[in-house]
Each structure stands twice: as C-alpha cells, then as structure tokens.
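# Need coordinates for the following:
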Amino acid sequence: MRFRHVMLCTLAAAGGLGTARAQQPADTLRLAEAVRIALEANPMLQAARFSAAAARERVGPAGALPDPQLQLGLMNRMASEFGSTMDPMTMNQVQLMQMVPWPGKLSSARSAARHAAAAAGAGAEEQTRMLAAQVRMAYYDVAYADRALAVMQRTLGLLRTFREVTATMYAVGSGIQQDVLRAQVEVARMTEEITRMGQDRVAGAARLSALLGREATSPIGAALELPDPPAGDLPAVDTLVAWALDRRPALRAGAERVAAAEASLSAARRELLPDFQLGFAYQARPAFPNMVSLMFGVNLPIFAGARQLPMRREARAMRDMSQAELTNLRNETIARIIETRAQAERDRNLGRLYRASIVPQARAAVDAALASYRVGRVTFMTLVDNQMTVNRYDTETYRLVADYHQAVGELEALVGQPLEGQP
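Coordinates of the predicted model:
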C-alpha cells in the first residue's frame, strides 16, 4: 500500500505537469527584430540589390552613341624621301569619324535596358519579401523545437520516476516485470526523441543564423515567441489573389522582362537597316593650300541570313519565353495562395480543436485512468499510455501553431502586404 501511495502521488504530480503550460521566459530574439537584422545583413539580399543597381547603370550606356574615332596621319609621303613635303599630295591629316545608328535603334536598346533594370529592382524587392518569409519559417521552427523539447524533458523526468517506482515495486513483490521493462523502453524512446529534436533545433538555429547574415554556429537563444493565432479569419482567396496580381514584385518583374524582350525584338528588327558613318578630315599641306574633306557611309547587311535574321528569331523566342514564364508565374502564384491559405486555416482550426477539445479530453482520460488505477481496474502502463498521449498532443499543438505562422508568412510574401489583422 505504501508503494501504491507513492505511485498515486507521482501520477498526481504527472497530471499537474501535463496540465500546466510551459513557463515562457523573456524572449531573446523577437521575430520583427530577426527580420530587420536579415534585411540589413543577409548577403544574398545585398547581392540582389547590387545587381539591381548595376542594371540601372546599364540604361544610360545602352542609349548612348558609339564613341567617335579620331585619326592622325602623315599622308602620301615619298618612300625615297620621307621628310620631303614638296609633293602636292603630301599632307598631315586629322580625321574625325562618328557612327550614327538608324533612328530607333538606340531608343529600343535604352527601353530594353530600362525594363531590364526595373525587372532587377522588382526582383530585389521579391528577394526581400521571400527572405522575410524564410526568416519567419526558420524562426518558428526553432520556437517549436524549444517548446517541444520542454514537453519532452518533462515527459522524460516523469518516465524516469515511473521507472524507479515500478522497479521498487517489482523488487518488493508489489509489481510485475512487464511494467519495469515497459518503463525502461519508454525512457529510451523519449531519450531518442529528445536527441532528434535537439539536432533539429541545432539545424534550425544554424539556418536562422545564416539568414541573419551571421556565422551558422552563432547561438540563437531559447524562448523565441510563438503566439497563438489571431481570432479573425484570413482574407478570402479572391482578395488575396487580387492583392498578389497587383502587388507581388515577382509578377511585376516578369512583366518588365516581357517588356524588355519586346524592346529587344524591336531593336533586332531594325538590325537590317543600315547605320551611318559621318566623317570630317582636315589636311594640312606644308607647301600648298590646306584642304578639308567630308565623308558619308553606310554599312551593308549583306550577311543578314547569317547574322541579323538569326538575331531577330532569337529575340522573338526570348519574348515568347518571357511571356510563357510570366503566365506560369501567375498560375503558380494563384495556386500557391490557395494551397497556403488552406494550410493556414487547417493548422489554425486543428490547433483550436486540440486546445479546446482533444487535449482536455486526453487529460480527462488521464484523470479517469488515475481514479480507476486507485481501485485496481486499470494497469499501470495504461496510465503511462494516457499521459504520453497528452504530451504528444501538447507537442502537436505547438507544431500546428508554428505551421500556421509559417503559412501566413508565405502568404504575406506572395500578396505583398501583412495579413494578420486584415478584415
């Protein structure tokens, strides 16, 4: 009876552990702060911004005239008397040449570069939004791991107590060996799960540190925030899709790439038109009056079949490719919004169901099993199974909450604005 009293006290303590929520210490790193650090320090985002800046610098050169050519020459010198200047054709010449493209070529090239720069800028903005979503996903993975580890550690302590009590009861003949063996197995299994979750936490912290622009081995403190989902519903699918089609930077970048391809095709069509060569020469003749010359020339596209026409076909194919990619991106965006919103709603509803119904019922089952154990109607391991079920549902609830926040972060990246608190 004394050992049964010890067991009942232990189980009562276990019920208290299962019911009590984990105490949350002060947050060491808030999500908003993590996102701010990443947007300032992430090297891939910096690279995207530098790429956009480089693309902007290409606009001016794309529409500028080619550099003029300045030539200096000693013309018509006699080979036998190079220093003689008595021949009328002997002169010192200064010549300036300028190539002028056919009207419309430079404007098309400038337009293509301008749209390409706009696409690069929108791509950098898309990278910013996706980085925020990635930080959010890594952050909540670590937050979930911390809470799951806390639940598992409490469970492990409980199982170790069970193991000690069952071993003592078996030693004095009040218990059975099967209970001892089962308790040992459960302790080993929970130790394995803690080891796996601990390594998942290490991996998640390394991924979060890398996104923050830090060394992957930089520590990430425990107690990251994991708030409950808000009470309101997410915006409707039609609203989310309309926001995404209007505001998602990736779609804007795709449209700019299509416009750039159209401008490149327009420039390619003009490649068959000749460019002009304009020249001016001044000839100084030492023994005779000076002379000037004016020159005009055009290039002849006689190899159009091998050069200009393939360039035109390439530009057309690039235009068609850009249009197809934009269409696919729109379809993928809409599909991803529908899928992610459904996932977020599922995770939130299941989380509410777990906390409002399943977890309380599981804890009630533990209380009922405890009452039945007091009168010998259930076995000891039935109590253990019921308590393990409660702990499993507690862990799964944290996973659902983390998944909800991750899905909302992805939706915000897709539609281009915050969602929580929206009507």
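# average model confidence for the host helix or strand of residue 208?
Element membership of residue 208 [criterion: DSSP states H and E] is helix 177-211. Averaged across helix 177-211, the pLDDT comes to 88.
# now do stretch 292-307
Rounded mean pLDDT across stretch 292-307 is 90.
# So residue 271, which state does it fall into?
helix (DSSP: H, G, I helix; E, B strand; the rest coil).
# is it true that residue 99 touches residue 275?
Yes: using C-beta atoms under 8 Å, residue 99 makes contact with residue 275 at a distance of 5.7 Å. (Glycine included, C-beta is placed from N, CA and C.)
# what ranges do the strands span in the stretch 251-400 of the chain?
Taking DSSP state E, counting those that start in this stretch to define them, one finds strands in the stretch 251-400 of the chain at 276-284, 291-298.
# Specify the angle between the shortest one and strand 276-284 in degrees.
The one in question is strand 291-298. Our comparison of strand 291-298 with strand 276-284, counting by axes from the mean of the first three to the mean of the last three C-alpha atoms, to 10 degrees, yields an angle of 170 degrees.
# Keeping just the C-alphas, turn strand 291-298 into PDB.
Output of strand 291-298 as PDB, limited to C-alpha atoms (Å, rounded to 0.1, in the frame of the first residue of the first chain):
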ATOM      1  CA  MET A 291      42.200  71.000 -97.600                       C
ATOM      2  CA  VAL A 292      39.100  69.700 -95.900                       C
ATOM      3  CA  SER A 293      37.100  66.500 -96.600                       C
ATOM      4  CA  LEU A 294      33.500  65.400 -95.600                       C
ATOM      5  CA  MET A 295      32.600  61.700 -95.700                       C
ATOM      6  CA  PHE A 296      29.400  59.700 -95.500                       C
ATOM      7  CA  GLY A 297      28.900  56.000 -95.500                       C
ATOM      8  CA  VAL A 298      26.500  53.200 -94.600                       C
END
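# Okay, and residue 71 sits in which element?
strand 69-75.
# quick one: the following helix or strand past that strand to strand 69-75, angle?
Following strand 69-75 in sequence order, the next helix or strand is strand 91-100 (DSSP H and E). On the basis of the same axes, to 10 degrees, strand 91-100 is oriented at 160 degrees to strand 69-75.
# counting contacts, what elements does strand 91-100 pack onto?
strand 69-75, strand 276-284, strand 291-298 (3 or more C-beta pairs under 8 Å, 6 or more residues apart in numbering; DSSP states H and E).
# for the ones you listed, which one sits closest to residue 193?
Of all the helices and strands packed on strand 91-100, the one in closest proximity to residue 193, counting by C-beta to C-beta, is strand 69-75 (76.1 Å).
# what's the offset of that closest one from the middle of its chain?
Relative to its parent chain, strand 69-75 has a centroid offset of 57 Å by C-alpha atoms, centre = their mean, to the nearest Å.
# Please put the alpha-carbon coordinates of it into PDB.
Extracted in PDB, the C-alpha atoms of strand 69-75 (Å, rounded to 0.1, in the frame of the first residue of the first chain):
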ATOM      1  CA  GLN A  69      37.100  58.000 -83.700                       C
ATOM      2  CA  LEU A  70      40.000  60.500 -84.000                       C
ATOM      3  CA  GLN A  71      42.700  59.600 -86.500                       C
ATOM      4  CA  LEU A  72      46.000  61.300 -87.100                       C
ATOM      5  CA  GLY A  73      48.000  60.600 -90.300                       C
ATOM      6  CA  LEU A  74      51.100  61.600 -92.300                       C
ATOM      7  CA  MET A  75      49.600  61.100 -95.800                       C
END
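# list the helices and strands that strand packs on?
strand 91-100.
# check contacts around the residue lying closest to residue 396 once chain neighbours are set aside.
The shortest distance from residue 396 to any non-neighbouring residue, by C-beta to C-beta, 6 or more residues apart in numbering, is to residue 354 (6.6 Å). By C-beta atoms under 8 Å, 6 or more residues apart in numbering, the residues touching residue 354 are 393, 396-397, 400.
# got TSV for those residues, with neighbour count and pLDDT too?
Formatted as TSV, the contacts of residue 354 follow (neighbours: other C-beta atoms under 10 Å; pLDDT from 0 to 100):
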residue	neighbour count	pLDDT
393	19	90
396	16	93
397	21	93
400	21	94
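# Residue 73: which of those is nearest?
Among those, and counting by C-beta to C-beta, the member closest to residue 73 is residue 400, at 82.7 Å.
# now stretch 50-65, how far from the centre of its chain.
Distance, centroid of stretch 50-65 to centroid of chain: 26 Å (C-alpha atoms, centre = their mean).
# Flag the shaky bits of the stretch 1-150 of the chain, pLDDT-wise.
1-27 (pLDDT under 70).
# where do the helices sit along it?
2-19, 31-41, 43-57, 59-62, 105-171 (DSSP state H, counting those that start in this stretch).
# Turn these into JSON lines, columns for mean neighbour count and distance to residue 195.
Shown next, in JSON lines, are those (neighbours: other C-beta atoms under 10 Å; distance: least, C-beta to C-beta, whole Å):
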{"stretch": "helix 2-19", "mean neighbour count": "16", "distance to residue 195": "21"}
{"stretch": "helix 31-41", "mean neighbour count": "16", "distance to residue 195": "27"}
{"stretch": "helix 43-57", "mean neighbour count": "15", "distance to residue 195": "32"}
{"stretch": "helix 59-62", "mean neighbour count": "15", "distance to residue 195": "56"}
{"stretch": "helix 105-171", "mean neighbour count": "21", "distance to residue 195": "10"}
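# Looking at these, spot the one closest to residue 188.
helix 105-171 (9.4 Å).
# Once you drop chain neighbours, what's closest to the residue with the shortest distance to the centre of the chain?
Closest to where the C-alpha atoms of the chain average out (C-alpha atoms, centre = their mean) is residue 130, at 3.5 Å. In space, and not counting its chain neighbours, residue 130 is closest to residue 413: 5.4 Å by C-beta to C-beta, 6+ apart.
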